[in-house]
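> This is the structure alone, sequence omitted:
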């Protein structure tokens with residue numbers, strides 16, 4: 001698939017969340033048609049292992065979304081506990097983003 005390019009200037013939305021007693025900020029923007037197009041996740045401890053892993057995961061997610069991947073399918077494929085709660089940072093962010101994606 002070909003990458004769907006984003007406008008050079010685009011609106012974005014941010015939210016904060018906590019996972020395993022660590023704070024994260026997630027910023028995302030949408031394609032002109034409304035679907036989520038890119039995601040950035042950072043941890044308050046810049047350049048720490050957790051921060052780098054979260055940022056790398058967000059880059060991979062953004063790359064996949066820009067090549068046509070389904071955000072809800074990715075969220076379902078990530079690790080979850082026996083109650084269905086996300087095990088990792090990206091899973092927590094994707095649960096929020098998937099809910100946002102279903103909004104008009």
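Okay, I see it. Every value quoted in this text rests on a predicted model; they were computed, and no experiment measured them.

> Strands of the chain, residue ranges please.
Ranges of strands in the chain, per DSSP state E, are 12-19, 22-30, 36-43.

> Show me which parts of the first one are buried, residue by residue.
Buried residues in strand 12-19, counted by 16 or more other C-beta atoms under 10 Å: residue 19. For every residue, glycine as well, the C-beta is placed using N, CA and C.

> Give the pairing partners of that strand; include direction for each.
strand 22-30 (antiparallel) (DSSP bridges).

> Quick check: mean pLDDT of the partner strand?
Average pLDDT, strand 22-30: 97.

> Next, the angle from that strand to strand 36-43.
Here strand 22-30 runs at an angle of 160 degrees relative to strand 36-43 (axes from the mean of the first three to the mean of the last three C-alpha atoms, to 10 degrees).

> what's next to strand 22-30, contact-wise?
6, 10-18, 36-45, 50, 54, 58, 89, 92-93, 96-97, 100 (C-beta atoms under 8 Å, 6 or more residues apart in numbering).

> Show me which residues of that strand are buried.
24, 26, 28, 29, 30.

> Would you quantify the distance from the second one to residue 93?
When you say that, I think you mean residue 26. Residue 26 is 5 Å from residue 93, where distance means C-beta to C-beta, to the nearest Å.

> residues in contact with the residue sitting nearest the centre point of the chain?
Nearest to the geometric centre of the chain sits residue 39, at 4.6 Å (C-alpha atoms, centre = their mean). Shown in contact with residue 39 (C-beta under 8 Å, 6+ apart): 26, 27, 28, 58, 61, 62, 65, 93, 97.

> so what's it bridging to?
Beta bridges link residue 39 to residue 28, judged by DSSP bridges.

> And residue 22, by the same measure?
Legend: beta-bridge partners of residue 22 under DSSP bridges are residue 19.

> Do a quick rundown of the helices in this structure.
Ranges of helices in the chain, per DSSP state H, are 49-66, 71-77, 89-101.
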